[in-house]
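K.L.:
Can you look at this prediction? I've put the sequence above it.
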Amino acid sequence: MRHILAFSALALVMGAASAAKAECGTVTVANMNWQSGELLANVDKFVLEHGFGCDVEFIPGDTVPTITSMVEKGEPDIAGEAWVDLVPEIVKRGTEEGRIVQIGQALSDGGEQGWYVPKFIVDAHPGIKTVDDALGHPELFPDPEDASKGAIFNGPQGSGGSVVGGQLFKAYAGTSKNFKLVDPGTQAGLDGALTKAYERKEGWLGYYWSPTALLGKYPMVRLEAGVPHDATEWKRCNTKADCPDPRKNEWPKDHVATLISKKLATGNNPDVVAYLSKRSWDNETVNSVMSWMTETQAGGEDGAVHFLKEHKDLWTTWVPEDVAEKIQAAL
């Protein structure tokens, strides 16, 4: 009799779990091919599976093909970290036609680009807040090949950051202020220059962006432009390498949203949609988790578990209490 009762209890539990999964069904999630996107996809997978009883299916993702597929084919259901400013026309069309919905901000403070300096430099010289402040002290950011000059490390060759960096170097009159614009060649070259300088506690000034693991490991301060962002001027000259008269300008923040398909938005999973609308984190949080992933050589799945264990105060605000209890039990 005890065996029969035990089997019956197990059957009830399994039946309840199956019913929950049947109610949620299969949800397709874009597993983006960059570290922060992979991390967020795995956080969503863990929460949806253990908190809401969904079956999550990963689909390889990248900005342009993923968003295009969502608009044209209705798949995947979720693009967790969608850099929508990179494909504004596709997003605009998909939104107007009701094929996709921008459900919330993946990054609460937006994707950031700009010129950075080490935090230890700003701590020692609190007057350095803007680009012009930094350019007044070439001795603090010496060129590795000629210490009599200051250096600004540009973005990698072929990147948008390198074009804008070159134009802003002209706009801020870097040459006349005894600075040299250094071409790092590749992303590895840029990372190596920053890492070498930081570990030697030497001054460094150059292009970078967030969220990234490197800025999680090495605290950096983004310099203010000293002027507000002018979108018209940015489009006219700051982003065009051959424009002869660039002006000072602030780097715009990238809008990083979560996109969901029409099927998910109008389906039978309002609790899942509510979670995705609330699920948002800042650059500092993402940087710290990615730094841990890089140091431990962890992938997105382990990174998600690390985040959920270390940042309970954040993710529990995204879900109802009963869902949070299920996620906590799964951890």
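P.N.:
Received, thanks.

K.L.:
Going by C-alpha atoms from here, please, whenever you check contacts or count neighbours.
P.N.:
Fine.

K.L.:
so where is this protein shaky, pLDDT-wise?
P.N.:
1-22 (pLDDT under 70).

K.L.:
Tell me the buried residues in stretch 229-248?
P.N.:
Neighbour-count burial for stretch 229-248 flags D230, W234, C237, N238, T239, K240, P246, R247, K248 (criterion: 16 or more other Cα atoms under 10 Å).

K.L.:
right, I mislabeled it, should have said stretch 185-192
P.N.:
Within stretch 185-192, the residues that count as buried by 16+ other Cα under 10 Å are L190.

K.L.:
cool, stretch 49-57 as well?
P.N.:
Counting neighbours by 16+ other Cα under 10 Å, one finds that the buried residues in stretch 49-57 are E49, H50, G51, F52, G53, C54, D55, V56.

K.L.:
so who does the last one touch?
P.N.:
Listed by Cα atoms under 8 Å, 6 or more residues apart in numbering, the contact set of V56 reads T26, V27, T28, V29, K45, L48, E49.

K.L.:
Quick check on it: phi, psi?
P.N.:
The phi/psi pair for V56 (degrees, to the nearest 10) reads phi -100, psi 130.

K.L.:
what are the bridge partners for it, then?
P.N.:
Bridge pairing for V56 (DSSP bridges) gives the partners V27.

K.L.:
so how far is T28 from it?
P.N.:
Relative to T28, V56 is positioned 6 Å away (Cα to Cα, to the nearest Å).

K.L.:
quick one: which two of the buried residues of stretch 229-248 are the most distant?
P.N.:
In the buried residues of stretch 229-248, two members sit farther apart than any others by Cα to Cα. They are D230 and K240, at 14.7 Å.

K.L.:
Quick one: residues in contact with the helix or strand encompassing K92.
P.N.:
For K92, the element it lies in under DSSP states H and E is helix 88-96. By Cα under 8 Å, 6+ apart, the residues outside helix 88-96 that reach it are I67, T68, V71, V84, I100, V101, Q102.

K.L.:
next one: stretch 69-79
P.N.:
Counting by Cα under 8 Å, 6+ apart, 27-30, 59, 66-67, 90-91, 94, 99-100, 258-264 sit against stretch 69-79.

K.L.:
Tell me which of the residues you listed fall in strands.
P.N.:
V27, T28, V29, A30, I59, I100, T258, L259, I260, S261 (DSSP state E).

K.L.:
So S148: helix, strand or coil?
P.N.:
strand (DSSP: H, G, I helix; E, B strand; the rest coil).

K.L.:
Could you do A151 as well?
P.N.:
strand.

K.L.:
from memory it sits against P142, does it?
P.N.:
Yes: contact criterion Cα atoms under 8 Å: A151 and P142 qualify, at 5.7 Å.

K.L.:
who has more neighbours, the two?
P.N.:
A151 (28 against 21; other Cα atoms under 10 Å).

K.L.:
picking up where we left off before, which one of the contacts of V56 is nearest to E321?
P.N.:
L48 (14.5 Å).

K.L.:
Could you report the distance from the closest one to V272?
P.N.:
7 Å.

K.L.:
Give me the contact list for stretch 121-136.
P.N.:
W115, Y172, G174, K177, F179, G203, V221, L223, E224, A225, G226.

K.L.:
hmm, 6 Å instead?
P.N.:
Applying Cα atoms under 6 Å, 6 or more residues apart in numbering, the external contacts of stretch 121-136 come out as L223, E224, A225, G226.

K.L.:
For that stretch, buried residues please.
P.N.:
I121, V122, I128, K129, T130, V131, D132, A134, L135.

K.L.:
same check, this time on stretch 212-230
P.N.:
Buried residues in stretch 212-230 (16+ other Cα under 10 Å): 212-218, 220-225, 230.

K.L.:
Redo the residues you listed as TSV? Include secondary structure and distance to Q35.
P.N.:
Output for the buried residues of stretch 212-230, formatted as TSV (DSSP: H, G, I helix; E, B strand; the rest coil; distance: Cα to Cα, whole Å):
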residue	secondary structure	distance to Q35
T212	coil	8
A213	helix	8
L214	helix	11
L215	helix	13
G216	helix	13
K217	helix	14
Y218	coil	17
M220	strand	19
V221	strand	21
R222	strand	21
L223	coil	25
E224	strand	27
A225	coil	28
D230	coil	31
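
K.L.:
what's the first-to-last distance across stretch 137-148?
P.N.:
11 Å.

K.L.:
Could you chop this protein up by domain?
P.N.:
Recorded structural domains for the chain (assignment: automatic domain parsing) are 23-110+255-330, 112-238.

K.L.:
and the end-to-end length of stretch 83-99?
P.N.:
Stretch 83-99 end-to-end distance (Cα to Cα) = 17 Å.
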